[in-house]
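Q: fold the following for me, if possible:
(one chain, ligands or ions: 2)
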Amino acid sequence: MKAAIIGATGYGGAELIRLLHYHPDVTLQSFHSSSQEGESIAASYPHMQGIAEKNLKHIDPAQIAKEADVVFAAAPAGVSAELVPELVDNGARVVDLSGDFRLQDTGKYEDWYQKKAPDKQYVNQAVYGLTEWLETDITGTQLLSNPGCYPTAALLALAPLVKQNRVDTSSIIIDAKTGVSGAGRKAAAATHFTETNDNLKIYKVFKHQHTPEIEAMLEAWSGKPEAITFSTHLVPMTRGIMTTIYADAPQDMTAQELTELYQECYNDCYFVRVKEQGTYPSTKDVYGSNFCDLSLSYDERTNRIMIVSVIDNLVKGAAGQAVQNMNRMFGLNETAGLDLIPVYP
Ligand SMILES: NC(=O)C1=CN([C@@H]2O[C@H](COP(=O)(O)OP(=O)(O)OC[C@H]3O[C@@H](n4cnc5c(N)ncnc54)[C@H](OP(=O)(O)O)[C@@H]3O)[C@@H](O)[C@H]2O)C=CC1
Ligand SMILES: CC(=O)N[C@@H](CCC(=O)OP(=O)(O)O)C(=O)O
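A: Ligands and ions are numbered 1, 2, ... in the order given. I've put the predicted structure just below:
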C-alpha cells in the first residue's frame, strides 16, 4: 500500500515517516511540502539520512490522489480545510491530523479556531477517529479526522465512566500538561528555549480549541450537553501529555472498583494500558509509542474520582493514532507498524 504525506517537514509528518517506515504493509510513496519542494527530507531531518530519504514534492492533490492509496494530511488547521476537499474529490482516502474536520458544529469551529470552517459537506463526511471508541466500521471511510492530542488523552480517560453514567459530567475538570513538540516545529516566541526551559506556563486559558472537541464527545456519550473546565500547561520536555482529571462520583465507589471497570473496558484494546490500583503513569512510560496509560483513584474524603492519563502527543496524540486508523480503514492488523516498546529512559 502506498502512502503520501503532506506536511512531511513538520513534527507530525516526520513522526508519520518514522512509523510508516516500519509498517509491514506500507511503502512511503511521496513526501510533500509547500515551501521546500525539490529538497531532500534529510535537509530538514538529518536523522533520516540513508533511511527514509526522499525529495520533497509539490502539493498537487489530483496527482497525489492518483499515486497513493492513502494520504496523510499533517498541515496546519485552515490549510487542511482547503487541501482535503480536493484530495477527496479526486478519490483519495485521507487521514487528516488537523482540527479542521473534527467538529460537526462548524459555528463552534469558527469560534474556537478563529478560522473559516471547511465546506460542511466534507465535515459531514468525515469520521472522527478516536480509534478505541469508533462507533462505525471504517473500512469504507474516505475521510478520517484524527483527534487532537489533548482530546485523545482526556477522552480515553473519561469514556468508560461517562458511557456507563458513573460520573457527574457537570463536575469534570481536566488539568493537562504538554511537551513543547505539541506546538509543532515552526519557531514562536512562546516555545523558544529561553521561554520554556526551567519554566512552567499555563496557556490559552478557557480558550483552548480542543475544548469543544472534548465536549462534543462527552455529549455524544452521555446524551447531555456539558461544559468542562479544561486547562493546558506547557512543560519543559519534548514529548508527552499528562491529563489529571477530577470529577464527582454520583455514589460511593472504590479505586479498586474503578480500576476493574477500566481493565474490563479496555481489555481488548492493546494500546490502552490500565495500571494496577495505587500505581500512576508518567510520560516516559509511553515515550515514542502509541500507548495511553491510565490510572484511577477515588478520594473518599471528597467523593471525587481522579483519573491520570499519559500519551506521547506525536504518537497516540497524532501520527500513531493516524496509522492505527489507517490500519482499521484498510482492514489491516490494528497494531501493524505500531507495536513499539516506548523509548526509555
Ligand atoms: N504536534 C503535535 O503534537 C500535534 C499536531 N497535530 C496537528 O497536526 C498538524 C501538523 O502539526 P505539526 O506537525 O506539529 O506542525 P508543524 O508546524 O511542525 O508542521 C506543519 C507543516 O505543515 C506544512 N504547511 C504549512 N503551511 C502550509 C500550507 N500553506 N500548505 C501546505 N502545507 C503547509 C509545513 O510544511 P512545508 O512548509 O514544508 O509545507 C509544516 O512543516 C497540525 O494541524 C497540528 O495541529 C495534532 C495533534 C498533535
Ligand atoms: C504546545 C501546544 O501549543 N500544543 C498545541 C496542541 C494542539 C495541536 O496540535 O493542534 P490541533 O488543534 O490540530 O490538535 C496547542 O495547545 O494548541
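Q: pLDDT at the residue in the stretch 101-250 of the chain positioned nearest to ligand 1, what is it?
A: Closest approach between the stretch 101-250 of the chain and ligand 1, counting by CB to the nearest ligand atom: residue 184, at 2.8 Å. (C-beta placed from N, C-alpha, C; glycine too.) Among the per-residue scores, residue 184 shows a pLDDT of 98.
Q: so how far is ligand 2 from it?
A: Using CB to the nearest ligand atom, to the nearest Å, residue 184 is found at 7 Å from ligand 2.
Q: quick check on that residue: phi, psi?
A: Dihedral angles of residue 184 (phi, psi; degrees, to the nearest 10) stand at phi 80, psi 180.
Q: single out the residue in the stretch 201-345 of the chain that lies closest to ligand 2.
A: Closest point on the stretch 201-345 of the chain to ligand 2, by CB to the nearest ligand atom, is residue 209, at 5.1 Å.
Q: OK, contacts around that residue?
A: Residues in contact with residue 209, defined by CB atoms under 8 Å, 6 or more residues apart in numbering, are 77, 99, 112-113, 148.
Q: also near ligand 2: which of these, exactly?
A: 77, 99, 148 (CB under 6 Å from any ligand atom).
Q: what ranges does this protein have for its helices?
A: Assigned by DSSP state H, the helices in the chain fall at 11-21, 41-44, 61-67, 79-89, 106-113, 120-125, 149-163, 193-196, 211-222, 255-265, 320-329.
Q: now the ones you listed as TSV including mean pLDDT and mean neighbour count?
A: Shown next, in TSV, are those (pLDDT from 0 to 100; neighbours: other CB atoms under 10 Å):
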stretch	mean pLDDT	mean neighbour count
helix 11-21	98	24
helix 41-44	98	18
helix 61-67	98	17
helix 79-89	98	21
helix 106-113	98	17
helix 120-125	98	15
helix 149-163	98	25
helix 193-196	97	12
helix 211-222	98	20
helix 255-265	97	17
helix 320-329	98	26
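Q: which of those sits closest to residue 295?
A: Residue 295 lies closest, by CB to CB, to one member of those: helix 255-265, at 7.7 Å.
Q: which parts of the chain sit against ligand 1?
A: Counting by CB under 6 Å from any ligand atom, the residues of the chain lying close to ligand 1 are 7, 9-13, 33-36, 59, 74-77, 79, 97-98, 148-149, 181-182, 184-186, 313-314, 317-318.
Q: and of the helices of the chain, who's closest to residue 292?
A: That would be helix 149-163 among those, by CB to CB, at 4.9 Å.
Q: tell me the buried residues within the residues of the chain next to ligand 1.
A: 7, 9-13, 33, 36, 59, 74-77, 79, 97-98, 148-149, 181-182, 184, 313-314, 317-318 (16 or more other CB atoms under 10 Å).
Q: can you tell me which of those residues are in strands?
A: Among these, no residue falls in strands (DSSP state E).
Q: quick one: pLDDT of the residue of the stretch 201-345 of the chain closest to ligand 2?
A: Looking at residue 209, its pLDDT reads 98.
Q: so what's residue 186 up against?
A: Contacts of residue 186 (CB under 8 Å, 6+ apart): residue 10.
Q: look up how far residue 47 lies from it.
A: Relative to residue 47, residue 186 is positioned 19 Å away (CB to CB, to the nearest Å).
Q: show me the contact partners of stretch 42-51.
A: Stretch 42-51 is contacted by residues 9, 14, 17, 21, 36, 41, 53 when judged by CB under 8 Å, 6+ apart.
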